[in-house]
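Peer 1: sequence unknown, structure follows:
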């Protein structure tokens, strides 16, 4: 994804700690809330949430939706204190506002919509 956050309404894969930092920096500069989905390719509940996450990204294009595979970018998962998948983290200005652990599409939708107001 090469640090591009211009594609609104889609999920961006985080491929390194550097890209994570860049995405958060850009989002903070633009006052853009961030929703990060911490996932793993072997985690069935995480995979099941992908379509819900993508749907929310299309519905809320002013948010930055990031997908972080904990096995590919373990430093980010560790830094964020991720212990279970899926975990969804809502951030603004690099501050964690809320966290949802587990595959709960309704709670995730409520979280995003409450922050969109």
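Peer 2: Structure's in. What do you need? Source: prediction; values computed, not measured. Numbers count the residues shown, from 1 in each chain.

Peer 1: by mean pLDDT, which helix or strand of this protein comes out lowest?
Peer 2: Here the helix or strand of the chain ranked lowest by mean pLDDT, DSSP states H and E is helix 105-116, holding a mean of 92.

Peer 1: which helices and strands does it pack with?
Peer 2: With contacts taken as 3 or more CB pairs under 8 Å, 6 or more residues apart in numbering; DSSP states H and E, helix 105-116 sits against helix 44-59, strand 87-92, strand 95-101. Any C-beta I mention is one placed from the backbone N, CA and C, and that applies to glycine too.

Peer 1: flag the shaky bits of the protein, pLDDT-wise.
Peer 2: The model of the chain has pLDDT under 70 over residues 1-9, 117.

Peer 1: do you know how far residue 48 is from residue 91?
Peer 2: From residue 48 across to residue 91, the span is 23 Å (CB to CB, to the nearest Å).

Peer 1: looking at these two, which is more packed in?
Peer 2: Neighbour count, other CB atoms under 10 Å: between residue 48 and residue 91, residue 91 has more, with 22 against 12.
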